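>>> I'd like to go over a predicted model; first the sequence, then the structure.
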Amino acid sequence: MTSRDSASSEITPAVLLRAYACGIFPMAESADDPTLFWVEPELRGVIPLAGFRVASRLARSVRSDLFRVTVNTAFKATIAGCAAPQAGREDTWINKRIRDLYGGLYDLGHCHSVEAWQGDDLVGGLYGVSLGRAFFGESMFHTARDASKVALVHLVARLIHGGFELLDTQYVTEHLKSFGAVEIPRRRYTVLLDKALAGEPGDFLRLADGAAIPGARALEIIASRQ
């Protein structure tokens with residue numbers, strides 16, 4: 001289900017958080033389209049944290065610490081990377097309005113980025129929204145093989161350690177299926193979301209106080225939940 005707002009309607013970071021609490025998120029048709037539309041999928045993509053899968057080859061990449069993985073150190077650059085055209089994804093739904101809104105959520109502590117570096121070069125990463133014990137993955141990018149995948153592994157370790165219960169991927173792709181993503185009906189998703197929003201919120205920065213950790217430690221945390 002989708003609905004469009006007018007170009008003049010005011011969506012603020014506070015409105016955005018309320019929308020996420022209701023299971024709704026915004027998108028744009030393209031980077032050049034100034035308007036947004038609200039989306040509430042009939043089938044929702046989630047990755048069960050206890051069922052997160054890491055292929056053997058990827059696990060070796062994670063353990064090797066080929067990439068230096070950081071958190072919240074290059075949010076604007078990460079969302080810009082997600083908005084840039086990539087092979088197989090020539091256009092993007094991330095427009096200026098999206099970048100500004102999620103930048104506002106970042107300033108409020110409700111949006112986070114995970115970055116993968118080679119030297120001083122940002123070669124991959126992802127960003128998403130945290131609310132209660134739910135994390136809503138928004139987008140990811142890479143310019144080096146496995147960079148975004150390694151960032152995702154570190155994200156999941158951080159969510160598990162921080163007490164999160166729900167990792168929402170919005171939709172399911174073949175790529176996400178390889179990590180254990182599944183589709184669930186909206187009604188079931190609403191039950192999981194309501195549970196994740198009740199009680200003590202998750203702490204995204206609990207793990208190492210937000211500092212980088214070795215890949216082996218990330219894999220150890222993930223294995224402890226399975």
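Cool, got the structure. Residues are numbered from 1 along each chain as shown.
>>> make it CA atoms for all contacts and neighbour counts henceforth
Fine.
>>> for D107, the count of nearby residues, please.
Burial of D107, expressed as a neighbour count using other Cα atoms under 10 Å, amounts to 12.
>>> hey, C-alpha coordinates of the one helix or strand D194 maps to in CSV?
Here D194 sits within helix 186-197, counting by DSSP states H and E. C-alpha atoms of helix 186-197 as CSV (Å, rounded to 0.1, in the frame of the first residue of the first chain):
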residue,chain,number,x,y,z
ARG,A,186,1.7,-7.3,7.6
ARG,A,187,-0.3,-8.5,10.5
ARG,A,188,2.5,-10.7,11.8
TYR,A,189,5.0,-7.9,11.3
THR,A,190,2.8,-5.5,13.3
VAL,A,191,2.9,-7.9,16.2
LEU,A,192,6.7,-8.1,16.1
LEU,A,193,7.0,-4.4,15.7
ASP,A,194,4.7,-3.6,18.7
LYS,A,195,6.7,-6.0,20.8
ALA,A,196,10.0,-4.4,19.8
LEU,A,197,8.7,-0.9,20.6
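>>> C-terminal to it, what's the next element?
By DSSP H and E, the next helix or strand past helix 186-197 is helix 215-224.
>>> counting by contacts, list what that following helix packs against.
helix 56-64, helix 147-161 (3 or more Cα pairs under 8 Å, 6 or more residues apart in numbering; DSSP states H and E).
>>> what's the most buried one of these?
Burial among those, expressed as mean neighbours by mean count of other Cα atoms under 10 Å, is greatest for helix 147-161, which shows a mean of 25.
>>> heading C-terminal from that helix, find the next helix or strand.
Next in sequence after helix 147-161, counting helices and strands by DSSP H and E, comes strand 166-170.
>>> now the helix or strand that that next one is followed by: mean pLDDT?
Downstream of strand 166-170, the first helix or strand assigned by DSSP H and E is helix 174-177. Confidence for helix 174-177, expressed as mean pLDDT, is 94.
>>> give me the residues contacting helix 174-177.
Among residues not part of helix 174-177, none is counted as a contact by Cα atoms under 8 Å, 6 or more residues apart in numbering.
>>> mind listing what's buried in that helix?
When burial is assessed from 16 or more other Cα atoms under 10 Å, helix 174-177 yields the following buried residues: 176-177.
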